[in-house]
Each structure stands twice: as structure tokens, then as C-alpha cells.
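I'd like to go over a predicted model; first the sequence, then the structure.
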Amino acid sequence: MLKRFTISVVLLGFIFILSSILSRVGAQAPVESPRVLIIATGGTIAGEQGEPGTLGGYDIRKPIGEIVAGVPEIRRYAQVEATQFANIPSAYITPDQWLQLARNINSIFEKRPEIAGIVVTHGTDRLEETAFFLHLTVKSEKPVVIVGAQRPPTGISPDGPINLLSAVRVAASHGARGKGVLVVMDDRIISARDAEKAYARTGGFSGREMGNLGIVARHGVEFFYAPTRRHTSGSEFDVRDITTFSRVDIQYSYAGSDGGGKTDAKAIIVATTGLGGAERNYYEALQRKGVIIATTFPSGDQVASPSSAREALPIIAVERLLPTHARILMMLALTKTQDIHEIQRIFDQY
């Protein structure tokens with residue numbers, strides 16, 4: 001009897017010691033945080049004032065390493081790497097740089113499967129354009145998040161640090177996969193298709209009527225909606241084959257206008273709520289010369305109906321795209337086809 005009791009005590013002691021060792025090993029080996037790459041292009045988020053803490057002007061010169069170091073909270077949510085693509089105002093960003101950026105992102109996702117998502121820091125002037133271009137040309141379901149700031153980091157109450165933290169949290173979120181390129185500003189998650197800079201102060205980015213997909217809450221990233229139009233991994237556009245873009249202009253319609261004058265553009269996006277007689281004559285003359293015409297509301301909110309198949313000079317109907325976004329889609333469409341009906345098919349699907 002004593003012998004059995006002794007054996008039981010020894011076994012219980014062994015189980016206790018073993019469970020203690022296993023629990024200690026588990027505590028020392030937590031689940032690894034997602035790895036997020038930050039690609040910096042410049043903008044106000046990299047601004048530095050000559051007189052910090054004022055409302056004065058700034059130069060864009062802070063390196064991304066310094067910007068990330070200023071937000072140590074990021075390390076709670078992701079393992080972060082950073083690389084400097086450019087450090088310029090976004091008004092200086094060109095389509096050639098869009099191509100290079102898209103190729104870089106596609107190469108990173110292809111060669112580095114451990115990267116869970118990418119954040120691109122960007123100036124707000126052209127942020128919505130770069131975001132939509134990437135929305136159409138990145139070939140991965142992994143999240144790409146574009147983020148900026150309306151106030152420089154050395155200014156009063158800067159918004160860059162919290163925007164960057166929110167962007168990293170979204171890029172690290174599994175729920176962000178498959179939703180296309182996202183714009184994260186002021187804790188709002190906006191589809192790149194609908195993102196718009198409405199005004200130059202905090203809270204100034206809008207998803208308009210249909211583009212707000214979710215929010216970054218204190219407890220986590222929450223999505224409520226997802227895009228239905230083609231994008232990213234479902235897109236037909238391949239930047240590996242593109243070397244140059246046809247010229248696509250944007251012209252505004254207004255009372256008394258007789259058109260935009262002489263142009264060598266291959267296509268024109270007309271921001272209009274309705275063309276006058278002189279304008280219509282002007283654009284029809286361009287169509288007879290082979291120029292493709294598309295119309296959208298200046299606000300981008302109209303859903304236009306396609307031209308009748310019987311019309312000799314059909315106009316491309318744009319469905320809820322800003323003029324700047326319609327221009328980008330037209331630029332990419334022209335790398336695939338010059339056929340007016342095929343271009344309309346592209347505008348119907350994206």
C-alpha cells in the first residue's frame with residue numbers, strides 16, 4: 001500500500017514538473033506577428049518644419065526610418081521593415097513612378113511570401129490617383145494600404161503617427177485580404193476606387209457614398225463592406241508589358257464652353273453634367289479623328305448609361321468614377337485595346 005502511494009506521488013510530481021516546463025516553453029514562444037513592409041514616397045507625413053511646433057511651412061525630408069521610430073506602438077501589431085522609394089511632394093509623382101511602384105510591389109509579393117501586407121506612405125495631393133492605379137495593377141490578394149498626413153510630424157497635433165499605426169494594423173489584418181488597395185486615413189478604411197481628398201485638413205479624405213469599407217477601432221480592424229468591381233488579383237492589366245501610356249486629358253464642361261481647343265490626346269475624359277451644343281460639336285469632330293471621349297460627373301457620382309449600339313459616335317459611359325480615376329482606367333484600357341466597345345466593357349467591369 002505504501003509502495004503504491006509513493007509511486008502515485010512521484011507520478012503526480014512528474015506531471016506537475018512537465019506541465020510547468022511546457023507552459024514556460026509556450027510563454028517563451030508567442031505567435032509571430034505579421035511582417036509588414038512600409039514603402040515611403042514622401043509627402044506631408046515626411047515633412048519637417050524650420051520652426052517646429054508652429055503653423056509654418058515645411059520641407060519633405062524625414063526618412064522613413066525616423067518616421068517609423070517615432071511610432072513605437074507599431075511593434076505591438078507587426079514586424080515592420082521600411083524602404084525609401086522616394087521623398088517628394090506627391091504633386092511630383094508621375095505615371096512612370098506609378099509603374100515602377102506597382103512593379104516593385106508585385107516583385108516583393110512574388111519573391112517574399114512572408115510579407116503579409118504593404119503600406120505606402122504618400123503625399124495627399126495625388127494619393128487617390130496612386131491608390132487607384134495600384135488598385136488596378138497590383139497582382140496579389142494581400143493588402144496594400146496607402147496612407148498620408150494633412151499635418152507634418154513636427155507641427156501642432158500631427159495626424160501622421162496615428163494614421164501610420166492604423167495603416168500598419170490594416171495591412172497586418174487577415175480581413176484586409178482580397179479587398180483591393182485601401183486608403184487608411186483618420187481610422188477610416190476606404191476603397192481606392194472611391195477615395196477622394198475633399199479638403200486639406202484632418203478628416204479630409206472621403207469614401208463618398210459607397211467607398212467606406214470599415215474602421216480601425218481600438219480593439220481591432222473591422223470591415224463591413226467589400227468592393228465588387230474587378231481589382232488587383234482579378235485585374236487584366238499587367239504592368240510588366242507596359243512601357244508607355246497614351247495621352248489622356250481631362251476637360252471640364254461649363255456654361256458657354258465650345259470645347260477644349262486643339263489637343264493631341266488619344267482620349268479625353270469630360271467632366272460634365274451635360275454637354276451644350278457647341279461642346280457636342282467639338283467632341284464629335286474629335287471622335288471623327290479617332291479621339292475617344294468619355295463623360296463623368298465632376299463629383300464622380302453619376303452612373304451613366306452606355307451609348308446605343310446604333311449611335312455612330314458612341315461616348316464611353318463612366319459608372320461612379322472621379323474624372324482623375326476615369327483617366328487612369330482609360331490609360332490602362334488603351335494599353336489593351338483601341339476598340340470603343342471593348343473599352344466600354346472595361347469601364348463596365350472596373
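Noted; the coordinates are in hand. Residues are numbered from 1 along each chain as shown.

Output the contacting helices and strands for the longest strand along the chain.
Ranked by residue count, the top strand of the chain under DSSP state E comes out as strand 79-88. The helices and strands touching strand 79-88, judged by 3 or more CB pairs under 8 Å, 6 or more residues apart in numbering; DSSP states H and E, are strand 35-42, helix 64-69, helix 95-111. Yep, even glycine has a C-beta here, placed from its N, CA and C like the rest.

And for that strand, what's in contact with it?
Strand 79-88 is contacted from outside by 32-42, 46, 60-65, 68, 74, 93, 97, 101, 104, 120, 123, 168, using CB atoms under 8 Å, 6 or more residues apart in numbering.

Which stretches in this structure count as helices?
According to DSSP state H, the chain carries its helices in the segments 2-28, 64-69, 95-111, 127-137, 160-171, 277-288, 323-333, 340-349.

Counting by contacts, list what the shortest one packs against.
The helices and strands touching helix 64-69, judged by 3+ CB pairs under 8 Å, 6+ apart, are strand 35-42, strand 79-88, helix 160-171.

returning to that earlier point: so can I have a markdown table of the helices of the chain showing distance to residue 242, mean pLDDT and mean neighbour count?
Formatted as a markdown table, the helices of the chain follow (distance: least, CB to CB, whole Å; pLDDT from 0 to 100; neighbours: other CB atoms under 10 Å):
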| stretch | distance to residue 242 | mean pLDDT | mean neighbour count |
| --- | --- | --- | --- |
| helix 2-28 | 49 | 40 | 9 |
| helix 64-69 | 27 | 98 | 16 |
| helix 95-111 | 6 | 98 | 17 |
| helix 127-137 | 9 | 98 | 26 |
| helix 160-171 | 26 | 98 | 25 |
| helix 277-288 | 25 | 96 | 15 |
| helix 323-333 | 8 | 98 | 24 |
| helix 340-349 | 15 | 97 | 16 |
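
could you dump those to a markdown table with distance to residue 241?
Below are the helices of the chain laid out as a markdown table (distance: least, CB to CB, whole Å):
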| stretch | distance to residue 241 |
| --- | --- |
| helix 2-28 | 49 |
| helix 64-69 | 30 |
| helix 95-111 | 11 |
| helix 127-137 | 11 |
| helix 160-171 | 28 |
| helix 277-288 | 28 |
| helix 323-333 | 11 |
| helix 340-349 | 16 |
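
So for residue 190, which of those helices sits nearest?
helix 127-137 (8.7 Å; CB to CB).

what is the orientation angle of the closest one with helix 95-111?
Taking axes from the mean of the first three to the mean of the last three CA atoms, to 10 degrees, one finds helix 127-137 and helix 95-111 inclined to each other by 50 degrees.

contacts for helix 127-137?
Contacts to helix 127-137, defined as CB under 8 Å, 6+ apart, come from residues 41, 43, 90, 93, 95, 98, 101-102, 105-106, 120, 122, 144, 146, 148, 180-183, 191-193, 195-197, 205, 231-232, 235, 237-239, 322, 324-325, 328-329, 332, 350.

Filter the contacts of strand 79-88 down to the buried ones.
Burial by neighbour count, judged by 16 or more other CB atoms under 10 Å, picks out 34-42, 46, 60, 62, 64, 68, 74, 93, 97, 101, 120, 123, 168 from those.

sorry, back to before: buried residues of the longest strand of the chain, list them for me.
79, 80, 82, 85, 86, 87.

And that strand, how far out from the chain middle?
Taking CA atoms, centre = their mean, to the nearest Å, the mean C-alpha location of strand 79-88 is offset from the chain mean by 16 Å.

ditto for stretch 231-246
The chain centre lies 16 Å from the centre of stretch 231-246; the measure is CA atoms, centre = their mean.

avg pLDDT for that stretch?
Taken as a whole, stretch 231-246 has a mean pLDDT of 95.

Buried ones in stretch 220-240, by neighbour count?
Of the residues in stretch 220-240, 221, 227, 229, 230, 231, 232, 235, 237, 239 count as buried by neighbour count, 16+ other CB under 10 Å.

Pull up the gap between the residue lying closest to residue 105 once chain neighbours are set aside and residue 238, please.
Excluding its sequence neighbours, the residue lying closest to residue 105 (CB to CB, 6 or more residues apart in numbering) is residue 138, at 5.4 Å. Distance, residue 138 to residue 238, using CB to CB, to the nearest Å: 11 Å.
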